[in-house]
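Trainee: structure, please.
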Amino acid sequence: MPGYSVVLKRWNFVKFESVLITWILYNTAIYLSLHQSLNLPKQGQPFMKTISSSLVIAGLLLISGCNETTKSDERTEATQSGELTLSTVEEKRNYALGMMISERVLKRYGKIDYQFLLHGISAQHQGEKTLLTLAEAEQVLNEYQKMINDEKFAEVKARGIEFLKANALVEGVTETSSGLQYQVITAADGPKPTAFDTVSVHYRGTLIDGTEFDSSYTRGEPTTFPLNQVIPGWTEGVQLMNVGSKFKFVVPSELGYGERGAGQSIGPFETLVFEVELLEIQ
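Mentor: You can find the predicted model right below:
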């Protein structure tokens, strides 16, 4: 990265312990899988907060738990000559892990310079001076992922912005300082909840193209939740409502699920539309 001038030794794949590499990246793959699964919303609560984490740095933090192994000169020569064979269960396991890691993890990051990859793994594991601190490494990966997301989802973000601009011109629509837009469908004079209340609501959630991703009306029963345990757009919007009222909300992605999205129905940077009926403050 800019600002760093380094001279790295040429790393030999075989001389570096293959078991160490595979277990490190295997744990990373497990971490990423958990990260994705934790983003899946519960049925009936598509607006619940999801858990954000760094993508790969956790794998590096697991290095200290790996055990070093050595390779014989015969195996080293075979690998260098391209005559690697799989003779034992452990060798097959390690090779299989390498294939799965490449397929499920490394492909996310495009072309990989293995010289730098192995240098970082080795230096961190052996307690040598690294070219980045762990905090800097996490920042690099976060910035890289943001750059990829910005490029990949530029069209989605643009559609959301245009939808918000058009909706702001609709009669009766109010936009708050945060960018949340709301429209009163049915007014009422009941009490208003605070952010610390638990409320019961009926709602319908759609994407801006009208695709429905969840509805308590369809399920035939309302949903109850603490108001401070939902996405920011809901926390802010429902506090504007009186019990008995019905509002329409247009929630910008930064007040919804942002770059993470939620499950299979709500992609990253999606602008969301909700119709909400406040039934009760518990």
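
Trainee: point out where this protein drops to low pLDDT.
Mentor: 1-82 (pLDDT under 70).

Trainee: can you give me the strands for it?
Mentor: Remark: strands assigned in the chain by DSSP state E are 173-175, 181-186, 198-207, 212-215, 223-226, 246-251, 272-281.

Trainee: contact partners for Val170?
Mentor: By Cβ atoms under 8 Å, 6 or more residues apart in numbering, the residues touching Val170 are Gln183. No exception for glycine: its C-beta is placed from N, CA and C like everyone else's.

Trainee: gap between it and Thr206?
Mentor: Using Cβ to Cβ, to the nearest Å, we find Val170 at a distance of 16 Å from Thr206.

Trainee: what does Ser122 give?
Mentor: Relative to Thr206, and taking Cβ to Cβ, Ser122 is found at 50 Å.

Trainee: for Ala154, same thing?
Mentor: Relative to Thr206, and taking Cβ to Cβ, Ala154 is found at 22 Å.

Trainee: neighbour-wise, which of these two wins?
Mentor: Taking neighbours as other Cβ atoms under 10 Å, Ala154 and Thr206 compare with Thr206 leading, 15 against 11.

Trainee: would you agree that one is in contact with Val273?
Mentor: Yes - contact criterion Cβ atoms under 8 Å: Thr206 and Val273 qualify, at 4.9 Å.

Trainee: now the helices for the stretch 101-250 of the chain?
Mentor: In the stretch 101-250 of the chain, the helices defined using DSSP state H, counting those that start in this stretch lie at 114-125, 134-152, 154-168, 216-219, 232-238.

Trainee: same for the fourth one, what does it pack against?
Mentor: Under the contact criterion of 3 or more Cβ pairs under 8 Å, 6 or more residues apart in numbering; DSSP states H and E, helix 216-219 touches strand 198-207.

Trainee: partner strands of the strand it packs on, parallel or antiparallel?
Mentor: With DSSP bridges as the test, strand 198-207 is paired with strand 212-215 (antiparallel), strand 223-226 (antiparallel), strand 272-281 (antiparallel).

Trainee: want to throw those into a markdown table with distance to Ile266 and mean neighbour count?
Mentor: Below are the strands paired with strand 198-207 laid out as a markdown table (distance: least, Cβ to Cβ, whole Å; neighbours: other Cβ atoms under 10 Å):
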| stretch | distance to Ile266 | mean neighbour count |
| --- | --- | --- |
| strand 212-215 | 6 | 18 |
| strand 223-226 | 16 | 16 |
| strand 272-281 | 7 | 21 |
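
Trainee: want to throw these into a markdown table with distance to Met99?
Mentor: Formatted as a markdown table, the strands paired with strand 198-207 follow (distance: least, Cβ to Cβ, whole Å):
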| stretch | distance to Met99 |
| --- | --- |
| strand 212-215 | 35 |
| strand 223-226 | 43 |
| strand 272-281 | 39 |
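
Trainee: what's the closest of the ones you listed to Phe116?
Mentor: strand 272-281 (39.7 Å; Cβ to Cβ).

Trainee: relative to helix 154-168, how tilted is the closest one?
Mentor: Going by axes from the mean of the first three to the mean of the last three Cα atoms, to 10 degrees, strand 272-281 is angled at 60 degrees with respect to helix 154-168.

Trainee: put the alpha carbons of strand 272-281 into CSV.
Mentor: C-alpha atoms of strand 272-281 as CSV (Å, rounded to 0.1, in the frame of the first residue of the first chain):
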residue,chain,number,x,y,z
LEU,A,272,-36.7,0.1,2.0
VAL,A,273,-40.4,1.0,2.2
PHE,A,274,-42.6,0.2,5.2
GLU,A,275,-46.2,0.6,6.0
VAL,A,276,-46.5,0.5,9.8
GLU,A,277,-49.6,0.4,12.1
LEU,A,278,-48.8,1.1,15.7
LEU,A,279,-51.2,-1.1,17.8
GLU,A,280,-49.9,-0.9,21.3
ILE,A,281,-47.1,0.3,23.7
